[in-house]
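Asks: sequence first, predicted model second:
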Amino acid sequence: MGGYSKYTDQDLTEFLRDGDRMAYTEIYNRYNRLLYLFAYKRLGNREEVKDLIHEVFLSLWLNHQHVNLTYSLSTYLHTAVRNKIIDLIAHKQVSGRYIETFNNYVQSGQNTTDHLIRHNELLALIESEIQALPIKMRAVFDLSRKSNYSRKEIAEELGLSEQTVKSHMQHALKILKVKLGSLMVLVFLIDP
């Protein structure tokens, strides 16, 4: 792996496009700490930042064949992190409004049209985030949460190991936690 440290970002990007895992590892080692510090200055929450950085690098690997740099690799990664931060803050604001509305609804006990619309919008938001998960991860999540399959049943249904099923569930919950934040509590209150 030490041999890859001598390559430029441009070289590493070309290797990455070809699926070179060692180039990906070098990019991760080169930029993980810098991106973490960049995001932490803006969010101040270690777990959110770790999840966010994980998502950026996961996305980089999953889309490695299509990485097309207009600027430097550093600019590309910082822009990806910045965009994730903006998305996270926007989701927090939206979820804050929904939670406030939901609390008012629970306290008032009224079943007005406005509350039903917001309830449906909340369910749609949660469902859209679930649908945005990678295909296998979404399949595991759906079988677990919507069909109440056990880990073993999911593994048999999808032809995966139980450990892979467990890993997919953990990653799905992390991604949804970042995307939906405090709305995750409501997922189980609204749609058990």
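Replies: Structure's in. What do you need? What you see is a predicted model; the values in this text were computed from it and never measured.

Asks: any idea how far residue 168 is from the residue nearest to residue 31 when sequence neighbours are not counted?
Replies: Distances taken as CB to CB, 6 or more residues apart in numbering place residue 77 nearest to residue 31, at 5.3 Å, with adjacent residues excluded. All C-beta spots, glycine's among them, are computed from the backbone N, C-alpha and C. In this structure, residue 77 and residue 168 are 25 Å apart, going by CB to CB, to the nearest Å.

Asks: which stretches of the chain form helices?
Replies: 9-17, 21-43, 46-62, 73-108, 113-131, 135-145, 151-158, 162-180, 183-190 (DSSP state H).

Asks: those: which one's closest to residue 3?
Replies: Closest of the helices of the chain to residue 3 is helix 21-43, at 8.2 Å (criterion: CB to CB).

Asks: follow-up on the earlier one: need the helices of the chain in JSON lines with distance to residue 3 and mean neighbour count, can you?
Replies: What follows is these, written out as JSON lines (distance: least, CB to CB, whole Å; neighbours: other CB atoms under 10 Å):
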{"stretch": "helix 9-17", "distance to residue 3": "11", "mean neighbour count": "17"}
{"stretch": "helix 21-43", "distance to residue 3": "8", "mean neighbour count": "16"}
{"stretch": "helix 46-62", "distance to residue 3": "20", "mean neighbour count": "17"}
{"stretch": "helix 73-108", "distance to residue 3": "18", "mean neighbour count": "15"}
{"stretch": "helix 113-131", "distance to residue 3": "40", "mean neighbour count": "14"}
{"stretch": "helix 135-145", "distance to residue 3": "33", "mean neighbour count": "17"}
{"stretch": "helix 151-158", "distance to residue 3": "38", "mean neighbour count": "16"}
{"stretch": "helix 162-180", "distance to residue 3": "30", "mean neighbour count": "18"}
{"stretch": "helix 183-190", "distance to residue 3": "43", "mean neighbour count": "15"}
